[in-house]
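Novice: give me a model of this one.
(chains A, B, C and D)
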There are 2 protein chains.
Amino acid sequence: MPLEIKPSQALRLWRQVHLDLVRDGQADLSARQTAILLTVYLELPPHTVRGLAQQLGVTKPVITRALDTLGKLGLLTRKRDEQDRRNVVIQRTVAGALAVERLADLVTERAREAGGG
Amino acid sequence: MPLEIKPSQALRLWRQVHLDLVRDGQADLSARQTAILLTVYLELPPHTVRGLAQQLGVTKPVITRALDTLGKLGLLTRKRDEQDRRNVVIQRTVAGALAVERLADLVTERAREAGGG
DNA sequence: GGCTAATGATACGGGTCCGTAACGATCGGA
DNA sequence: TCCGATCGTTACGGACCCGTATCATTAGCC
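Specialist: Okay, the predicted model is just below:
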């Protein structure tokens, strides 16, 4: 069941949600950080720095730094992989799950309002 | 006609579009910059620094700096208001209009794919 | 043990952005 | 003309992020 949405609706939705995020005083995440956060919470674990770098098409330091920031915000954590101690596994947190859930509700609600255009 | 979308669909859509933006090597815009850009292109002119600051709930320097960056990227321009030379009018550009249009298409297409979940 | 390969983190110089405060330019009315 | 109000911008010290190159640690294999 495809999701029917017109370009004008899409833009209104995109704008309104971003306005909400800014006004709610949420952390001003960049597109990269948002992509990382949602990938960790939507895709099946395990998530590694290298894997994320490949998925986003960016270098590893970009991921490391984004994880620093997102970790500082409490949205996710890192843990050594005990099977292969070279790896670091990125894990979800309660605060991160709440933030993602809040975003989902925000988009859903704004989508309802953005109808008919 | 409201836009029916489930939270899980909303999140998949949000993630996929952000992934596309990152992978396409677009400028890594923050939520604030995106909100400003779309406001200028969706709302009726004229747009001023003060007006944008009020709409976003941020201070004026935040808008000035965002306009510096977005202007450097060619996504919009500033012009003195000749009626009241204290004011600066933010104007759209061809490159900006194209970028916004591309975003609209991106969201629309990904929405189609994000259906059924 | 010694080698290579792979992982994630760090160093570096440079750019951007933050919030607060101050600034110059401009308007409008006394 | 002068003076307060308003506009957008800039200064400041500090924090974050960039891309490239390099690093220490670990794994796996001989």
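Novice: hey, where'd the helices end up in chain A?
Specialist: Using DSSP state H, the helices found in chain A span residues A:7-23, A:31-42, A:49-56, A:60-72, A:94-113.
Novice: the longest one - contacts with which helices or strands?
Specialist: In this case it means helix A:94-113. helix A:7-23, helix A:31-42, helix B:7-23 (3 or more C-beta pairs under 8 Å, 6 or more residues apart in numbering or on different chains; DSSP states H and E). Any C-beta I mention is one placed from the backbone N, CA and C, and that applies to glycine too.
Novice: now for the shortest one, which elements pack on it?
Specialist: With contacts defined as 3+ C-beta pairs under 8 Å, 6+ apart, the secondary structure elements packing on helix A:31-42 are helix A:49-56, helix A:60-72, strand A:88-92, helix A:94-113, helix B:7-23.
Novice: relative to DNA strand D, which of these is closest?
Specialist: In terms of C-beta to the nearest atom of the strand, the element of those nearest to DNA strand D is helix A:60-72, at 3.3 Å.
Novice: okay, the closest one in CSV with CA atoms only?
Specialist: Output of helix A:60-72 as CSV, limited to C-alpha atoms (Å, rounded to 0.1, in the frame of the first residue of the first chain):
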residue,chain,number,x,y,z
LYS,A,60,35.0,6.6,9.7
PRO,A,61,36.0,9.8,11.6
VAL,A,62,32.7,11.3,10.7
ILE,A,63,30.9,8.4,12.4
THR,A,64,33.2,8.5,15.4
ARG,A,65,32.6,12.2,15.9
ALA,A,66,28.9,11.9,15.4
LEU,A,67,28.8,9.1,18.0
ASP,A,68,30.7,11.3,20.4
THR,A,69,28.0,14.0,20.1
LEU,A,70,25.0,11.6,20.1
GLY,A,71,26.6,9.8,23.0
LYS,A,72,27.1,13.0,24.9
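Novice: picking that back up, who wins for proximity to B:Val40 among the helices and strands packed on helix A:94-113?
Specialist: With C-beta to C-beta, the closest approach to B:Val40 among those belongs to helix A:7-23: 10.0 Å.
Novice: can you tell me if that closest one touches chain B.
Specialist: Yes - contact check for helix A:7-23 against chain B, using C-beta under 8 Å from any C-beta of the partner chain: residues in range are A:7-15, A:18-19, A:21-23.
Novice: give me the neighbour count for A:Val62.
Specialist: By the criterion of other C-beta atoms under 10 Å in any protein chain shown, A:Val62 has 19 neighbours.
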